[in-house]
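S.K.: Below is the sequence, then the predicted model.
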Amino acid sequence: MLSRPVRLSKAYMAQAYTFMTVYRGELFLWMIATSLPIIMMGIWVEAGESGAFPGFGPVEAARYFIAVFIVRQFTVCWVIYDFEYQVVTGKLSSRLMHPADPAWYFVTNHLADQAIRAPFCIGLLALCFVIQPQALWGDSSIGGEHGWWTPSLQQVGAAVVATYTAFALRFLMQYTLAMLSFWHERVAASDAVLMVPYTFLSGLVIPLQLLPEPLDLWVFYTPFPYMVWWPATLLAGGDAGFMQPLLVVTGWLGGLYALNRFVWWRGLKHYSAMGA
Amino acid sequence: MAIVEARELRKTYRVADKAPGMRGTMRHLLRRKYRDIEAVRGINLKIEPGEVVGFLGPNGAGKTTTLKMLTGLMHPSGGTVEVAGHVPYRRESALLRQITLVMGNKQQLLWDLPAADSLRVNVAVYGLSDSEGQRRIDELCERLGLKEELRQPVRKLSLGQRMKCELVAALLHRPRVLFLDEPTLGLDIDAQSAVRSFLREYNREQGSAILLTSHYMADITALCERVVVIDKGLILYDGTLAGVVERFAPLREVKVQTAEPIPPEVLTSYGTVEEHTGRTARLLIDREALTPTLDRLLAEHVVEDLSVQEPPIEEVIRQLFGSGIERAAASGNASPDEVPEPVEAA
């Protein structure tokens, strides 16, 4: 007999996976919407060719943004929209009647989404390598030591841990913010505000090793670099460290989790089960 | 020992108070005003295991708010509540495994998937083994007459089939307390009857307590021996179904046939004349004055036939909700002063 958390995860995942296959067309469009790294790749490859950024040539740029694209597929988060909808419509009530924290439902929905994205993701990745073939096999003509892009098992392992840590961080941050909908019914807009630092400080559009001083000193104390830059750099074969970032992220995760539980129990007092 | 017990339970909502129009909007933007609405004003309620209680009241009386507090969805503003020995809003797993809430206007099944997919989740949520879960699903489906419906997307089911699937999902864990909020809402006569029969059987076999709100009196008369009437957040009546008529229907209908025609002005001295054709008449007479009035009628006229009837319960409830409970109670047995007093559970 499987343990209850495993059975719960399995059941929720199966349901979410089935649900998402119903809307696979929509999912493909959502995936296209996360193709910003592919656009950024074009820009940064060109910048790398100009030699303006020593140590960050076209091969590094192509590999980094392909890695960003992969990381993004596993860290996309929309829980704030889903949670707000469930609170405003009262649909959260039926989840609250179950002897399982509603977080199971929301987390497993995201994990199922990642699983169903995988085939589409492989297709878009192949397209990336067609556009920037030097990302795959390197390019000796432009200097630097570039061989085939074959990350070691250790690199992949570290990148996987970093990616799921990034997902946990992004999820927890958005989920905590989402709980404000117990007080104010429209909180999804606050995610748009959060998107500003996320876009510029996570490494989504600018590789953080290229940030000017003193920005590069304090930015690593924020949670944003660990949401994209850290796992993407590890996957691209760059030097981002592992233990120190992991410690910083663990600190953020612990703090956010405590805040999340606090807001959850306070928020439930305000829940009026509207429409239900 | 009561399985549901609420003491002085109250809930006050704070709502924005905004005047209509642009001026009102601007004023509200600059200086927000709120007012408090007392949805539930200190109710006392006890339900014993296995009891089926009808919870009646007009729209906005506080029925659903009370249900939300009893199920733990909502925190009370005051008072205490215990269900199966637990405080509901603490959301303890031990309590959630013993209760269920079915709402006629809400669903827990995912709209786009077959009900079977949602039921599999419930099997895991309630910690049932796959085989036990399947056994319970089959058993409930058989009783509710469900077969292939479980494999169709919920959105493709009729309202009646959907409610039956909801009942399967809600009762899979064999709860000891069922909170049912308008479970037959919008269903056709056959589906209503099927749901009622199922609930009656379920109550008998499982011994579960049921608190039922419904605007269909047939639900109440078929299932409940006890009713609780609530209005403006206060319990106005808690007792037997027949007692509702006693309490809220002050008039009795008297049909009389006399040997000689009685002039209308004479008839009005006995009560309100509803119909009068020659030797027959239909009168409404105050329940308190019924016996002396009939004594006088029999003494003053040669009566060939006489019948006294209570108004049907459906009619009493309809009038009660239509004209306002306080007014009905004020014109009935209870004095208006005693009406707002919370009533102890029977």
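M.R.: Great, that's in hand. From a predicted model like this one, the values you see are computed outputs, not experimental measurements.
S.K.: all contacts plus neighbour counts: C-alpha atoms, from now on.
M.R.: Noted.
S.K.: helix, strand or coil for the residue of the stretch 151-276 of chain A found nearest chain B?
M.R.: Closest residue of the stretch 151-276 of chain A to chain B, C-alpha to the nearest C-alpha: residue A:269 (5.4 Å). Look at residue A:269: counting by DSSP: H, G, I helix; E, B strand; the rest coil, its state is helix.
S.K.: What residues does the residue nearest to it when sequence neighbours are not counted make contact with?
M.R.: Once flanking residues are discounted, residue A:269 sits nearest to residue B:75: 5.4 Å by C-alpha to C-alpha, 6 or more residues apart in numbering or on different chains. Neighbouring residues of residue B:75 by C-alpha atoms under 8 Å, 6 or more residues apart in numbering or on different chains: A:268, A:269, A:270, A:271, B:69, B:89.
S.K.: which one of those residues is nearest residue A:173?
M.R.: Nearest to residue A:173 among the contacts of residue B:75 is residue A:268, at 18.3 Å by C-alpha to C-alpha.
S.K.: from memory residue A:209 sits against residue A:216, does it?
M.R.: Yes - using C-alpha atoms under 8 Å, residue A:209 is in contact with residue A:216, at 7.4 Å.
S.K.: and the residue of the stretch 151-276 of chain A closest to chain B, how many residues sit next to it?
M.R.: By other C-alpha atoms under 10 Å in any protein chain shown, 17 other residues sit near residue A:269.
S.K.: give me the low-pLDDT residue ranges for the chain?
M.R.: All of this is about chain A. A:1-2, A:139-146, A:273-276 (pLDDT under 70).
S.K.: other chain: chain B
M.R.: B:319, B:322-346.
S.K.: and stretch A:131-140, how far out from the chain's middle?
M.R.: Using C-alpha atoms, centre = their mean, to the nearest Å, the mean C-alpha position of stretch A:131-140 is found 25 Å from that of the whole chain.
S.K.: what comes up buried for that stretch?
M.R.: The neighbour-count check on stretch A:131-140 (16 or more other C-alpha atoms under 10 Å in any protein chain shown) flags A:132, A:134, A:135, A:136, A:138, A:139 as buried.
S.K.: got it, and stretch B:213-228?
M.R.: Counting neighbours by 16+ other C-alpha under 10 Å, stretch B:213-228 gives B:213, B:214, B:215, B:217, B:219, B:220, B:221, B:223, B:224, B:226, B:227, B:228 as buried.
S.K.: Where does residue B:82 sit: helix, strand or coil?
M.R.: Going by three-state DSSP: residue B:82 is strand.
S.K.: now the nearest residue to it once chain neighbours are set aside: how far from chain A?
M.R.: Counting by C-alpha to C-alpha, 6+ apart, residue B:82 lies nearest to residue B:5, which is 5.3 Å off, once chain neighbours are set aside. Residue B:5 is 19 Å from chain A, where distance means C-alpha to the nearest C-alpha, to the nearest Å.
S.K.: Quick check: which element contains residue B:5?
M.R.: Residue B:5 is part of strand B:4-16, with elements assigned from DSSP states H and E.
S.K.: And that strand, what does it pack against?
M.R.: In terms of contacts (3 or more C-alpha pairs under 8 Å, 6 or more residues apart in numbering or on different chains; DSSP states H and E), strand B:4-16 is packed against strand B:34-47, strand B:78-83.
S.K.: Go ahead and name everything in contact with that strand.
M.R.: Outside of strand B:4-16, the residues that reach it under the criterion C-alpha under 8 Å, 6+ apart are B:32-48, B:65, B:70, B:76-84.
S.K.: Put the alpha carbons of it into CSV.
M.R.: Extracted in CSV, the C-alpha atoms of strand B:4-16 (Å, rounded to 0.1, in the frame of the first residue of the first chain):
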residue,chain,number,x,y,z
VAL,B,4,-24.1,19.1,16.1
GLU,B,5,-24.3,21.8,18.7
ALA,B,6,-24.3,25.5,18.2
ARG,B,7,-24.6,28.0,21.1
GLU,B,8,-25.3,31.7,20.6
LEU,B,9,-23.8,31.4,17.1
ARG,B,10,-23.5,34.6,15.3
LYS,B,11,-22.0,36.0,12.1
THR,B,12,-21.7,39.7,11.2
TYR,B,13,-20.5,40.7,7.7
ARG,B,14,-18.9,44.0,7.0
VAL,B,15,-20.0,45.3,3.6
ALA,B,16,-19.2,48.4,1.6
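S.K.: Just checking, which helix or strand succeeds that strand along the chain?
M.R.: With elements assigned by DSSP H and E, the helix or strand that comes after strand B:4-16 is helix B:21-30.
S.K.: Quick one: the helices in chain A, in order.
M.R.: For chain A, helices defined by DSSP state H occupy the ranges A:4-22, A:24-32, A:36-49, A:58-75, A:79-89, A:92-96, A:103-131, A:134-137, A:153-178, A:188-201, A:215-218, A:229-236, A:243-270.
S.K.: All good on my end, thank you.
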